[in-house]
Structure formats: C-alpha cells, structure tokens
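Q: just the structure for this:
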Amino acid sequence: MRVAARSFISQPLVSILTPVFDTPVSWLGEAVDSVLAQVYENWELLLIDDGSTATDLLRALPALAARDRRIRLVRLESHQGISAALNKGLDVVEGQWLTFLDHDDVLEPDALFQNVKLLQENPGLGLIYSDEDKLTEAGFDSPILKPDWSPDFFLSCNYLCHMIFLRRDLVREVGGFQPQFDGSQDYDLLLRLSERTDRIHHIPRVLYHWRRSESSSASDVRQKPGQLEASWRAIEAHLKRRGELAHVTVDWPTHAFCVRRQLLEPRKISVIIPSSHGPESLKEFVERLISKTSYPNYEIVIFQVGEGDKVHEAGTDFRMLHFPDAANESAAKNYAVAHTDSPWLLFLDDNIEAIDPDWLTIMAEHVQRPETGAVGPRLINPGGTIEHAGLVLGVNGIAQSAFRGFPAEHPGVNRQLQMTRNYSAVSGACLLMRREVFQQIGGFDQKLSSVLADVDLCLKIRRAGYLIVYTPLAKLCWDPSPPERSDPSAEVIMRQRWSDVLQRDPYYNPNLSRESADFSLGE
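A: Sure, this is the predicted structure:
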C-alpha cells in the first residue's frame, strides 16, 4: 500500500485534528502511534490542547509533537470545549481533506490510504465514512458495519460517527463546529454538510477503533446525557433549515431518534387489496381495517382474479373489481390502479391487520416527501416475531426479509430493527407510494409475480432516484400465505436486470452474512 500510495496521481495533504484535554498519556501515545503507522504518508496531525491541567500530559505533549515533523501542537489558553478546539484547528490546517481522531482512539494503518485511494476515481466527493469497532482492554469488539448513505437512518442516529473524511473547504463553507452542540458537534456538522452535498461515500471496512472506557459514550450514551439532548437539538435544527414541519422524540429503550413529520395534506389513498375472501369474511376484514385506521381520506378497492370469484357485490365501505383473465396478480394490480384516481396508492394483502390506528398516517408522513418513492411498515406475525422489516437483496436468493424471526420489539443489530431507515426494497404486502411515481416507472412488471414483482417495483423506484423508507413506527400483524413456488424464469429476469444490486445491496454491508438477512457477520 505504501508503494501504491506513492503512485497516486492525486496525493492531497490530509489534516488529522485531535483535540486533547487531560487525556491519559498512554492513550494519547497510542493514538499518535496509529497516525505514525499510516501507510499514506502525506498527512499532518494537529494536537489541539484545550486547556489541559494534568501535569504528566503537559510534560508529554511537546515530546509527542517532536516525534515527527508532521505533528503540530496547538494550544488554547483555557478550556473552551471540543467545538472551540476543533475550530482552532480548522483555522490553521493546511490540508485539503480533514479527518478527526479522538485523543484516546486508534486508526487502522490503512485508514488514510483507503480514503485517498477512493478519491483517485471519485475526486468530487465531499464526505467519506467507514466502518468502526470498539477498543477494549480485551481487544477489538462490537464492529459497526454500516450501510451506504441512508438519509433516514442518519436522522435516527449518527451512524456515520467514525471515521469521517471531509473536504476542508466544504467544512469551512458551512461554518465549522457550533459550540452549542458540544457533545454532538460532529452530528450537527454532518447534518449541515448533508444539506450541501449528496456526494457521500461509504468504505465498508473497519478503519477506526473507538476506545470504550467507563466515561465514554462508546460504552453507553447514558454516560453523557448532554450528548443525547445535543443530538436531539441538532436534528430539530436540521429539519427546520430544510423547512420540514416535524418534531423529534427519543425512543428510550434504544436511544434512537424518532422523527414525526406533520402531514401537510391527507391526500386520498386508494387501498388496493387482492382477496379470496367469501362475502362474510370479506365484510369482517373490511370492518376491522376501518376500525383500526384513523387516516381520514381513503377508499378500499378489492380485486379478485380468476373465474372462481366469491364476491360480486360491492359493500357500502368498498368497491369490487374482477379480473377473470388476468395473467397474474401484477397484471391485476396494474388494472386496479388504472381504475382508481387517488393521488396515493396503498397495496395491501388481505391477511394483514392493523395494530395501531395511526399506521397509515405514519406511512403517509413519509410518502408526502418528494424524495420518497415507497414506504413499508413493520409487519409482525401472529407468533409475535418479525415477518417483514425491509428487504435485503442478494441474501439466500433474490431477497430476504431483514430480521425475520426476531422478537417484534428486539432492537436488532445496532438497533436497526427499531429505526426508520432506507432499504433497497420493502414488501408489497403493505406498500404505500404516489401514483405519479407508479406511472413514471411503469407499474408492476407483468412478467413477474409475488415478491419478485415487489422487489422489481422498488428497484425501479430506486433507479428513478427515489428513496425506499422502512418505518417501524407503523406496525401491523401479517399472517402470510404459504409462499408461492419459485419461478426460475422470473429469477433469471431479476438476475439479469438487477445483477449489480443483487451482488451488492447498498443498504446491507458486504461484510455481513449472505446466508441470512439477520445482520450477523459473514464468513
């Protein structure tokens, strides 16, 4: 890697900012050692002393700075806080790119190399982040293997965290760090940067080791309660700058953030349901759906496929459509959409029952966002375990439900089961989208049926530039029918059409299992 780095066409100076305040000398020494070990050599390390008073540290700092000409010691006259220290560093850095190393953490030897290597083919990036783990007395632990850029997940938690690699001019353009967010100053900065650039890239490799100590939030965010409040305020400020009417709450079991947006206009939703119910059971199903749906503006459209239709008369609360000659359910759904005129469409299985009455309102809060193409909820089976929480592609076939079989209220790996986040696809068993998006992408592919048609629909939505949102706040019970037989010809179509995303789902780290979508480590 040293040899390769010396042949890079672009070899930017990278400035590493390390605020220091009464750090144990041995830990700071390990941090400095990890910088000196970097295989990419064009760096500068700024040790920014934020008014330390520990005598042994004050004696050690000049000696640490003297170890290499690329290390510079900067001092603040008094203790002013981490944002002030970082801004002092921003004033004097010379590098085109910045990264941050906490005074007790450690970099992998190839940390800078991997970032600069990425810039060789992607020089226009504004922000790069990588995977990380914890550094404990027993060694490395608790790897955080992240998805690619997921804006909704980032509003649930600062999953970028360490390490981040930023264009210096962009950081200066947004005004650097803001002391009122000390404790979550990096989260606030990254939220502001995300408003200026979407050139955000992820390196799926652990490059940073975050020391877990008794007083560190790496161990437990409750060690620093002010950090949680600062993060909450940073998200609120971000939403306000974006002009979004929303409020933020904390999910206390996971310490994740929940963003609830104001529904600006409850536009009419056509709830499109395939059904094989008989008259009485269909009437009961519709009554339960209505009784557990508080959304004020929707119609229920039931369609039945084939000659053996069991219901011919529309009810007072729903209307019927019949497709005796439909090739499959995808064709029938396209036909049903053509025979409705609502601006929003909900595709819903007839074996789903709402748990909380605000489920559709929660989903509508997301579908109203212009960047959102489709929304899926958390679906729980009658046994109390997860049936659907987003789809992971290329795992054990074409797609598999994330966290399937986990207890419904389990946090999931790194709390992701209970957080609003983005996926490449969600289940068509309960999927909300705008009619304009459905028409733009051409609806369901009638050569495909069942789950493959759902995945294909979502991937077309993604290709058109929209986000797919999974929200755990909308909860429904789903007792799925036995899966259909696999269709080899349809799988061939999917593998040819979507080979890239099936090989590398951007919302599922490539270091995770390809056998099960449970977010466990891969072999």
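Q: so, low pLDDT: which residues of the stretch 151-300 of the chain?
A: The stretch 151-300 of the chain contains residues with pLDDT under 70 at 214-225.
Q: again but with the chain, I slipped
A: 214-225, 306-315.
Q: quick check: longest helix of it.
A: The longest helix of the chain (DSSP state H) is helix 225-241.
Q: ok now the helix or strand just after that one, how far from the chain's centre?
A: Helices and strands here follow DSSP states H and E; after helix 225-241, the next one along the chain is strand 246-251. The gap between the average C-alpha position of strand 246-251 and the chain average comes to 17 Å, counting by C-alpha atoms, centre = their mean, to the nearest Å.
Q: again with stretch 157-176
A: Worked out by C-alpha atoms, centre = their mean, stretch 157-176 lies 17 Å from the chain centre.
Q: pull it out as CSV, backbone CA atoms only.
A: Extracted in CSV, the C-alpha atoms of stretch 157-176 (Å, rounded to 0.1, in the frame of the first residue of the first chain):
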residue,chain,number,x,y,z
CYS,A,157,-28.8,8.1,14.8
ASN,A,158,-25.4,9.4,13.9
TYR,A,159,-24.3,6.1,12.3
LEU,A,160,-21.5,7.8,10.3
CYS,A,161,-19.6,8.7,13.5
HIS,A,162,-16.1,7.3,12.9
MET,A,163,-14.2,7.7,10.8
ILE,A,164,-15.3,10.6,8.6
PHE,A,165,-13.2,12.2,5.9
LEU,A,166,-14.3,15.7,4.8
ARG,A,167,-13.4,18.2,2.2
ARG,A,168,-11.9,21.2,4.1
ASP,A,169,-13.5,23.9,2.0
LEU,A,170,-16.9,22.4,2.5
VAL,A,171,-16.5,22.3,6.3
ARG,A,172,-15.5,25.9,6.3
GLU,A,173,-18.4,26.8,3.9
VAL,A,174,-20.9,25.5,6.5
GLY,A,175,-19.3,27.4,9.3
GLY,A,176,-17.3,24.7,11.1
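Q: so which strand or helix has L166?
A: L166 is part of strand 164-167 when elements are defined by DSSP H and E.
Q: report all helices and strands that that strand contacts.
A: Here strand 164-167 touches strand 97-100, strand 127-136, helix 185-194, going by 3 or more C-beta pairs under 8 Å, 6 or more residues apart in numbering; DSSP states H and E. No exception for glycine: its C-beta is placed from N, CA and C like everyone else's.
Q: distance to K333 and mean neighbour count for these - can I get that in TSV?
A: Below are the helices and strands packed on strand 164-167 laid out as TSV (distance: least, C-beta to C-beta, whole Å; neighbours: other C-beta atoms under 10 Å):
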stretch	distance to K333	mean neighbour count
strand 97-100	48	23
strand 127-136	39	22
helix 185-194	35	22
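Q: so which of these is nearest R211?
A: strand 127-136 (4.5 Å; C-beta to C-beta).
Q: and that closest one, which strands flank it?
A: Counting by DSSP bridges, the strands paired with strand 127-136 are strand 139-144 (antiparallel), strand 164-167 (antiparallel), strand 200-211 (parallel).
Q: between that strand and helix 185-194, how many degrees?
A: Counting by axes from the mean of the first three to the mean of the last three C-alpha atoms, to 10 degrees, strand 127-136 points 160 degrees away from the direction of helix 185-194.
Q: for strand 127-136, list the C-alpha coordinates in PDB.
A: Provided in PDB are the C-alpha atoms of strand 127-136 (Å, rounded to 0.1, in the frame of the first residue of the first chain):
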ATOM      1  CA  LEU A 127     -17.800  13.300   2.600                       C
ATOM      2  CA  ILE A 128     -16.500   9.700   3.100                       C
ATOM      3  CA  TYR A 129     -17.100   7.500   6.100                       C
ATOM      4  CA  SER A 130     -16.000   4.000   7.000                       C
ATOM      5  CA  ASP A 131     -16.900   1.200   9.400                       C
ATOM      6  CA  GLU A 132     -15.600   1.100  13.000                       C
ATOM      7  CA  ASP A 133     -15.400  -1.000  16.200                       C
ATOM      8  CA  LYS A 134     -14.600  -0.600  19.900                       C
ATOM      9  CA  LEU A 135     -11.200  -0.800  21.500                       C
ATOM     10  CA  THR A 136     -11.400  -2.500  24.900                       C
END
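Q: circling back to that earlier point, could you dump the helices and strands packed on strand 164-167 to CSV with distance to E236?
A: Formatted as CSV, those follow (distance: least, C-beta to C-beta, whole Å):
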stretch, distance to E236
strand 97-100, 24
strand 127-136, 22
helix 185-194, 10
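Q: do you know which of those lies nearest V171?
A: Closest of the helices and strands packed on strand 164-167 to V171 is strand 97-100, at 6.1 Å (criterion: C-beta to C-beta).
Q: can you report how many residues neighbour the closest residue to N328 other than its chain neighbours?
A: Excluding the flanking residues, the one nearest N328 by C-beta to C-beta, 6 or more residues apart in numbering is S449, at 4.1 Å. As a burial measure, S449 scores 20 neighbours (other C-beta atoms under 10 Å).
Q: buried residues in stretch 88-95, which are they?
A: For stretch 88-95, a neighbour-count test (16 or more other C-beta atoms under 10 Å) marks K88, G89, L90, V93, G95 as buried.
Q: typo on my end, stretch 495-502
A: W498, V501, L502.
Q: what do you get for stretch 73-82?
A: In stretch 73-82, the ones that count as buried by 16+ other C-beta under 10 Å are V74, L76, Q80, G81, I82.
Q: same check, this time on stretch 341-360
A: 342, 344-350, 352, 354, 358-360.
Q: hmm, back to that, which one of the buried residues of stretch 495-502 is nearest N115?
A: So of the buried residues of stretch 495-502, ranked by how close each gets to N115 (C-beta to C-beta), first place is V501, at 24.5 Å.
Q: for that closest one, which non-adjacent residue is spatially closest?
A: Excluding its sequence neighbours, the residue lying closest to V501 (C-beta to C-beta, 6+ apart) is L393, at 5.6 Å.
Q: now swap in N122 and tell me
A: With C-beta to C-beta, 6+ apart, the residue lying closest to N122 is H201, at 6.4 Å.
Q: state the distance from the one you found to V271.
A: H201 sits 39 Å away from V271, going by C-beta to C-beta, to the nearest Å.
Q: who's more crowded, the two?
A: More neighbours surround V271 than the other of H201 and V271, with 24 against 17 (other C-beta under 10 Å).
Q: picking up where we left off before, could you export the buried residues of stretch 341-360 to TSV, including columns for secondary structure?
A: Converted to TSV, the buried residues of stretch 341-360 look like this (DSSP: H, G, I helix; E, B strand; the rest coil):
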residue	secondary structure
S342	coil
W344	strand
L345	strand
L346	strand
F347	strand
L348	strand
D349	coil
D350	coil
I352	strand
A354	strand
D358	coil
W359	helix
L360	helix
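Q: with distance to M320 added, can I get these in JSON lines?
A: As requested, those are exported to JSON lines (distance: C-beta to C-beta, whole Å):
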{"residue": "S342", "distance to M320": "17"}
{"residue": "W344", "distance to M320": "21"}
{"residue": "L345", "distance to M320": "18"}
{"residue": "L346", "distance to M320": "17"}
{"residue": "F347", "distance to M320": "17"}
{"residue": "L348", "distance to M320": "15"}
{"residue": "D349", "distance to M320": "17"}
{"residue": "D350", "distance to M320": "13"}
{"residue": "I352", "distance to M320": "19"}
{"residue": "A354", "distance to M320": "22"}
{"residue": "D358", "distance to M320": "28"}
{"residue": "W359", "distance to M320": "24"}
{"residue": "L360", "distance to M320": "21"}
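Q: pick out the most distant pair among those.
A: Most distant of these, by C-beta to C-beta, are D350 and D358, 21.3 Å apart.
Q: I'd guessed the residue nearest to V501 sits against P506; true?
A: No: taking contacts as C-beta atoms under 8 Å, L393 lies outside contact range of P506: 9.2 Å.
Q: residues near R241, how many?
A: R241: 11 neighbours (other C-beta under 10 Å).
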